[in-house]
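Q: Curious how this folds, go ahead:
(one chain, ligands or ions: 2)
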Amino acid sequence: MKVLGITGGVGAGKSTILDYLNRRYHARIIEADKVGHFLMEPGQKVYYHIVETFGSGILRGDQSIDRQKLGKLVFDDQEKLVKLNSLVHPAVKEYIASEIEKERKEGKVPFVAVEAALLIEDHYDTICDELWYVYADEDARRRRLAASRGYTSAKSDSIMKNQLPDEIFRESCQFVIDNSSEIVQNTYEQIDRGLKEHGIL
Ligand SMILES: CC(C)(COP(=O)(O)OP(=O)(O)OC[C@H]1O[C@@H](n2cnc3c(N)ncnc32)[C@H](O)[C@@H]1O)[C@@H](O)C(=O)NCCC(=O)NCCS
Ligand SMILES: Nc1ncnc2c1ncn2[C@@H]1O[C@H](COP(=O)(O)OP(=O)(O)OP(=O)(O)O)[C@@H](O)[C@H]1O
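A: Ligands and ions are numbered 1, 2, ... in the order given. Next up, the predicted model:
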């Protein structure tokens, strides 16, 4: 059972591709963002450490972490982002590695696809057979993030500036998917080809 890592900048289309891998190929998909959100819920592994570090000002009335507030804090302050990453990333990677092991034991899925913007920085090459880079030009990404999530251009930029540049993604990955076209079928065809040519299936 192969493990495919899907990476790329914010809004490049990683989740869209994961959804296709699940629908078309019945891959088990794991989204690191979602794992991170889960581990931040009250009572979960990293909740207490985050509240201790960033203070109760980031909490909602029901004691859950207000991620929008936390995001505003960290995406404008590199030091705080590094601190948050150091609390969240090891727990997320450990959780994902254990899910992969479960799938390996059960042997029911053709492959696993793990998705995150930070697969390269966090050395997911140690648990993935290949890393694939999803590219879309920055204007398309800003436009899509504004339309689907209401992100302002400034918010998209504040996230982008904390992510790796295009050339590092290209150097570090084994396959590049260009998701700039608005015709998503073009993207799906690249995936179909990549899966065959790279022996993932
Ligand atoms: C800052 C947080 C609270 C904002 O939460 P929110 O729900 O508003 O946004 P979401 O998690 O969907 O992130 C939006 C996008 O920002 C980018 N992003 C998230 N974290 C990071 C980071 N540490 N560095 C660079 N980009 C990041 C990703 O492209 C992501 O898809 C959250 O992103 C977070 O906890 N980040 C730190 C942990 C992390 O890196 N998680 C992602 C993979 S483990
Ligand atoms: N080829 C495409 N044409 C038009 N819209 C697209 C295309 N690909 C993705 N989108 C849309 O762009 C938005 C961002 O895509 P998606 O959520 O898949 O990005 P992502 O890389 O997973 O983002 P994040 O880094 O935040 O996790 C979504 O609303 C999605 O439907």
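
Q: quick one: the residue located most distally from the centre of the chain from residue 40, how far?
A: Taking CA atoms, centre = their mean, the residue of the chain most remote from its mean C-alpha position is residue 61, at 28.2 Å. Relative to residue 40, residue 61 is positioned 17 Å away (CB to CB, to the nearest Å). Every residue, glycine included, has its C-beta placed from N, CA and C.

Q: again with residue 134
A: From residue 134 across to residue 40, the span is 25 Å (CB to CB).

Q: can you pull the contacts of the residue nearest the centre of the chain?
A: The residue lying closest to the centre of the chain (CA atoms, centre = their mean) is residue 116, at 1.9 Å. Applying CB atoms under 8 Å, 6 or more residues apart in numbering to residue 116 gives the contacts 5, 7, 14, 31-33, 122, 124.

Q: out of those residues, who's near ligand 1?
A: Applying CB under 6 Å from any ligand atom, the subset of those adjacent to ligand 1 comprises 32-33.

Q: ok, the longest helix along the chain near ligand 2 or not?
A: When the chain is parsed with DSSP state H, its longest helix is helix 78-106. No. Helix 78-106 does not reach ligand 2 (CB under 6 Å from any ligand atom); its nearest approach is 13.7 Å.

Q: Can you report how many residues lie near residue 186?
A: Neighbour count for residue 186, taken as other CB atoms under 10 Å: 13.

Q: before we move on, the earlier item: comparing residue 134 and residue 40, which shows the higher neighbour count?
A: residue 134 (28 against 22).

Q: Wasn't the more buried one part of a strand?
A: Yes. Counting by DSSP: H, G, I helix; E, B strand; the rest coil, residue 134 is found in a strand.

Q: which residues does it contact?
A: Residue 134 makes contact with 6-8, 12-14, 17, 177, 179, according to CB under 8 Å, 6+ apart.

Q: ok, of those, which one's closest to residue 53?
A: Among the contacts of residue 134, residue 7 lies closest to residue 53 (CB to CB), at 26.4 Å.
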